[in-house]
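Undergrad: what would the 3D arrangement of this be:
(chains A, B and C)
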Amino acid sequence: MKPSSRITLAASVLLVLLLVASAFALHHLDQMGSRVQLDEAFYVMSPKLAQRLSLGYDGLLADVYWTWAVQYFGARHVARATHYELLGPLLEIATTLDPHLTIAYQFGGNFLAPSPPDGAGMPRQAIRLTEYGIRNNPSDWRLYYNLGFIYYMELKDYAQAADAFGRGAQVPGAHPFLRVMAAQMAQHAGELQMAKMMWTIAYQSTQDRDIRENAASHLLALQVEEDITNLEKLVALYRERTGHRPSSFSELEASGMLRAVPLDPLGQPYKLTPEGQVVVQEPERFPFLGKGL
Amino acid sequence: MSSRIVHIASNTFREAVRDHVLYNLIAFALLMSGAAILVGQISIGIERLVVVNLGLAAVSLFGVVIAIFIGIGLVSKEIEKRTLYTVLSRPVERWEFIVGKFLGLAGTLVVNTAFMAIGVFAALLYVSRAFDRADVWVLVALYLIVLQFLMITAIALLFSSFSSPLLSAVFAFSLFVVGSFAEDLRGFAAMVPGLSRWLAMGAAYLVPNFSSLNVITSVAHEQPITRQFILSGSLYALLYTGMALCGAVLIFERRNLK
Amino acid sequence: MSAIEILGLEKTYSVGFWQKRQKCALRPLNLSVEEGEIFGFLGPNGAGKTTTLKLLMGLVFPSGGSARILGMEIKDPGMKAQIGFLPEQPYFYDYLTANELLEYYAQLSGVAARERRQKVSQVLARVGLEDVRRTQLRKFSKGMLQRVGIAQAILHDPKVLFFDEPMSGLDPMGRREVRDLMEELKRQGKTVFFSTHILSDAESLCDRVAIIHLGELRGVGAVADLTSSVEGKVEIIWHGTAVPASLKALTSESHITGDTVRAVVREANQDAVIDALRREGMRIISITPVRTSLEEYFVRKLKPSEAAAGVSS
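TA: Presented below is the predicted three-dimensional model:
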């Protein structure tokens, strides 16, 4: 005897209805917003506890925390956030679980140190993290580079930067420019060329997409700053020669000082202001730009 | 004598297979495929690292679960279902029965791991496009994982010889958890004075030290494993396994099958 | 040499949470079974029959006493090769087919590889399971499982067989087959020791029986001896509708069913009754000596107070 078709029908319909209804109820519950924002903080625990809970699968859990760190930062960065409190702890857990997770130290160096909204604005913490990385990976030159980078860019502590680059230069297989930078650190602090070199090495020393994009943006900005410096020099020279300010770049072209209208790295022409300053057409396409805004 | 053990072992293997244990390989294959495909989107530059970490962790976890779930029933199920009566009324020694059951489950896990190894290497090939010299250490890691399986199987069998399946599962799983940070336990023991120190030390040595045989993270970073380590690890695992089996034999030899 | 010799075998369990209370499952048992006989071990449920068998099989360890089978100790693996055991309501690995199970058991019993297939086939045919040899045991009915149980017990041609409730779960056809099998085993010179609480089986099959109750042996002896009539009664059946008045004094019991009367009379009065019936013109159907049934002996033995007054075995 087959099961009653009436009951089958009734039970099936009821099942579907109740499922849909429960989904709505859940949605309604979520909207109430009475839930505390536990989500993020829940996963941030003491590194030692994370080690215990990993049941020996440290490496995997480290990778998971690393992924969370990247997504945490990425999501907030897009929203131009000013606080990234969890970035440090997340990276700390990831590196405690796997001290050899080089990419986490690099990420910390690039995004933990700079001020918001470009980074978490915690250079000291970034330094601590990187030193920890160096202790556990003494033969990885990139970490010394990271350390020097933070001292140079964020803390302007050229002595420490020189020391870090120096230590790194001694590691077999280190990038040859580390020695150069160590030597020139004190003398050429703040110079454009130094900055260009550093960002180039930062770009070359990693495969991580986010770090590379960041370095590339910096290099673009530096290029623009260099262009602007040179162009403003030309403008000043013209003024000396002719006694008046040029009203546009075409005048400079006509006098033979420029071959063509100067273009910025993204292909847009530079503008010349009446006061004799050079600016870019679309400043928002150049994050990190300090001049020409 | 040895042929009876082999017969019992192969029958135990047959039972596991007919119990559809090998279907776990489907879940594993799906996991590895998904991971191999997605890892490139999530973490560039550390694809290999993630695949090795995830693959070996999955092999380990799947295997431990199987070892415990089947292991706890190896003896207790036979007693409960009374299939044991007609076996023990034959010229089969009780200890032969225990050893045979152990070898059967161990064999099942080795076969299972071999298939999983293929999956891990397939995923590695997918993300790296070629094999690395360092991939040989992945094989070493797999070997050490199999050693851990032997230990946990023997433990599950030990509990099975006197305890109900539910309790056995709880004990075995607890020992697995504690064993995964046994090194910390020893560190802790070194710090406390007096009687607590001896107790903690005793516990630390009695518990199966899985953490000492776990090289997943090192292998993920392509660090080599010394021959010394492999030999010492093998010795420890075999000694510990033997000890647990002796315990199982001792208990089972005395058990009244009501 | 006796096939089975039980010397003071006893078993007491410690029960209770702290294992303090003692529960006696078997009081010291002394029993011996000769080679070639069919021996019935009778008793109600919970009497200690299964405990005794488990002690003999080495599944449970005795609290005292010992036993020898074919002159060898229970622990001796050499002994185990010569015995076969069918437990009560047997259960086998349900993921195996009948064929696979018997092959496995043959392996464990040490049957030589080249003989295994043949012996397995033979034994499957003997118990009538040839057709289902490739079916998984989980699909077997209770009766079929019982047959598998018998098959695995006789598979390796043992000298002594131990069956615990071999008829349980079988229909009358099945029971008949098992009975036939046991008689065949006896003809082959094997010894069969089986426990049961169904007395009619024991009565028809056994050479000797033992009765056990509440862990204690209550009586042992040859079936013929135990059931021989002491009081000498005779049962007479004739056509009729009533017991003639003249006979009422002589008949101790009478039953009337339709047109048949059945009466029990003392042997001494037998002739008198027969004459009386002839005189009355009743047609006598049968005259049979009444034997004390095993059941009566059984019931009597089970009452401790009457044990002393009961028939001496």
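Undergrad: next, count neighbours for residue 71.
TA: All of this is about chain A. 12 (other C-beta atoms under 10 Å in any protein chain shown). For the C-beta atoms, the positions are set from N, CA and C on the backbone; glycine is no exception.
Undergrad: switch to chain B, that's the one I care about
TA: Per other C-beta under 10 Å, the neighbour tally for B:G71 reads 29.
Undergrad: repeat that for A:S250.
TA: With other C-beta under 10 Å as criterion, A:S250 counts 13.
Undergrad: excluding chain neighbours, what is closest to whichever residue of the stretch 151-300 of chain C sits closest to chain A?
TA: Among the residues of the stretch 151-300 of chain C, C:D171 lies closest to chain A, at 26.9 Å counting by C-beta to the nearest C-beta. Once flanking residues are discounted, C:D171 sits nearest to C:G143: 6.5 Å by C-beta to C-beta, 6 or more residues apart in numbering or on different chains.
Undergrad: doesn't the one you found lie inside a helix?
TA: Yes. Using DSSP: H, G, I helix; E, B strand; the rest coil, the assignment for C:G143 is a helix.
Undergrad: near chain B, which residues of the stretch 51-200 of chain A show up?
TA: For the stretch 51-200 of chain A, the contact set with chain B under C-beta under 8 Å from any C-beta of the partner chain comprises A:51-52, A:54-60, A:62-63, A:66-67, A:70, A:98, A:100-101, A:103.
Undergrad: need the buried ones from the residues you listed selected in PyMOL.
TA: Here is the PyMOL selection string for the buried members of these, based on 16 or more other C-beta atoms under 10 Å in any protein chain shown:
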select buried, chain A and resi 51+54+55+56+57+58+59+60+62+63+66+67+70+98+100+101+103
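Undergrad: out of the residues of the stretch 51-200 of chain A next to chain B, list just those in strands.
TA: Among these, no member falls in strands (DSSP state E).
Undergrad: so A:G74 is in which element?
TA: If you go by DSSP states H and E, A:G74 is part of helix A:58-78.
Undergrad: so how far is that helix off the chain centroid?
TA: Remark: helix A:58-78 is offset 14 Å from the chain centroid, using C-alpha atoms, centre = their mean, to the nearest Å.
Undergrad: other SSEs contacting it?
TA: Packing partners of helix A:58-78 (3 or more C-beta pairs under 8 Å, 6 or more residues apart in numbering or on different chains; DSSP states H and E): helix A:38-43, helix A:47-53, helix A:87-97, helix A:102-111, helix A:209-242, helix B:47-71, helix B:216-220.
Undergrad: which SSE is immediately downstream of the longest one?
TA: On the C-terminal side of helix A:209-242, the nearest following helix or strand under DSSP H and E is helix A:249-254.
Undergrad: what does the stretch 101-250 of chain B put close to chain A?
TA: With the criterion set to C-beta under 8 Å from any C-beta, the stretch 101-250 of chain B comes near chain A through B:F176, B:V177, B:S180, B:F181, B:D184, B:F210, B:S211, B:N214, B:I216, B:T217, B:A220, B:H221.
Undergrad: redo the residues you listed as a markdown table? Include pLDDT, neighbour count and distance to B:V110.
TA: Converted to a markdown table, these look like this (pLDDT from 0 to 100; neighbours: other C-beta atoms under 10 Å in any protein chain shown; distance: C-beta to C-beta, whole Å):
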| residue | pLDDT | neighbour count | distance to B:V110 |
| --- | --- | --- | --- |
| B:F176 | 93 | 24 | 19 |
| B:V177 | 92 | 15 | 24 |
| B:S180 | 88 | 26 | 22 |
| B:F181 | 83 | 22 | 26 |
| B:D184 | 81 | 15 | 30 |
| B:F210 | 91 | 27 | 18 |
| B:S211 | 87 | 19 | 22 |
| B:N214 | 91 | 26 | 19 |
| B:I216 | 92 | 25 | 18 |
| B:T217 | 90 | 28 | 23 |
| B:A220 | 91 | 31 | 23 |
| B:H221 | 91 | 20 | 26 |
